[in-house]
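K.L.:
Here you go, sequence then predicted model.
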Amino acid sequence: LGKKRGRTYSEHAKKFATMKRMISLKDSRLKEKDRAKTVVKKKHDPSAINVKEVTKYPSCLFFQYNTQLGPPYHVLVDTNFINFSIKAKLDVLQSMMDCLYAKCIPYITDCVMAELEKLGMKYRVALRIAKDSRFERLPCAHKGTYADDCLVQRVTQHKCYIVATVDRDLKRRIRKIPGVPIMYISNHRYNIERMPDDYGAPRF
């Protein structure tokens, strides 16, 4: 009995251990439409020319030098830039002109305005500044209200903008795009980064 029991147990174990056998996709028993097609490997031709795609750079760039920059400067303003300007008690437009020694036109995108509206009553002063008539409005065609992606996309397409931000992540992303200067706040004044030497204020 013990042997029989042992045998029956091993038989059961074998049954559970066995895996279902799958028909190969190349099996002749399958219909032609369900059968996997054999991939024909192309022979490598040593005389063939290897074509590589090179990323296109805009014609306005002379190496890292951006020829589209020049007064009046077009400054894309980020959400937190206005908030930090209020904390540092800086007038946005006047401080920009003090930094660049030229006329500046600040631009507010729809998504930046939407972010300021979402922040509520705490940032009502920043919203009032953003609605100033001297600030130009830029309409957004994309979905959602995430401003960082919108600003990066805009700056990639059009190289005539300076980005005003104090956000580290956004700065890191913009530094990867050649020819785009970054305006930031340091020592209670505006400063500029990656600006050509013949433009703007000296760096401190």
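P.N.:
Yes, it's here.
K.L.:
per-residue pLDDT, Val39?
P.N.:
At Val39, the model reports a pLDDT of 73.
K.L.:
Start and end of stretch 160-180, how far apart?
P.N.:
End-to-end distance for stretch 160-180: 8 Å, by C-alpha to C-alpha, to the nearest Å.
K.L.:
Other residues contacting that stretch?
P.N.:
57-58, 60-61, 64-66, 68-69, 73-78, 80-81, 84, 96, 106-107, 148, 151-152, 154-156, 159, 181-185, 190, 192, 194-195 (C-beta atoms under 8 Å, 6 or more residues apart in numbering). The way it works is simple: take the backbone N, C-alpha and C, and place the C-beta from them, glycine included.
K.L.:
Keep only those of those residues that are in strands.
P.N.:
Assigned to strands by DSSP state E, the following of those qualify: 61, 65-66, 73-77, 106-107, 182-185, 190, 192.
K.L.:
Please convert the buried members of the contacts of stretch 160-180 into ChimeraX selection syntax.
P.N.:
Restricted to buried positions by 16 or more other C-beta atoms under 10 Å, the ChimeraX selection for the contacts of stretch 160-180 reads:
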select :66,69,73,74,75,76,77,78,80,81,84,96,106,107,148,151,152,154,155,159,181,182,183,184,185,190,192,195
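K.L.:
List the contacts of the most centrally placed residue in the chain.
P.N.:
Most central in the chain under C-alpha atoms, centre = their mean is Asp149, positioned 4.7 Å from the mean C-alpha point. By C-beta under 8 Å, 6+ apart, Asp149 lies in contact with His142.
K.L.:
what's the pLDDT at it?
P.N.:
Model confidence at Asp149 (pLDDT) stands at 90.
K.L.:
go on, the one 3 residues further on?
P.N.:
The predicted local confidence for Val152 comes out at a pLDDT of 92.
K.L.:
That's all I had, so thanks and see you.
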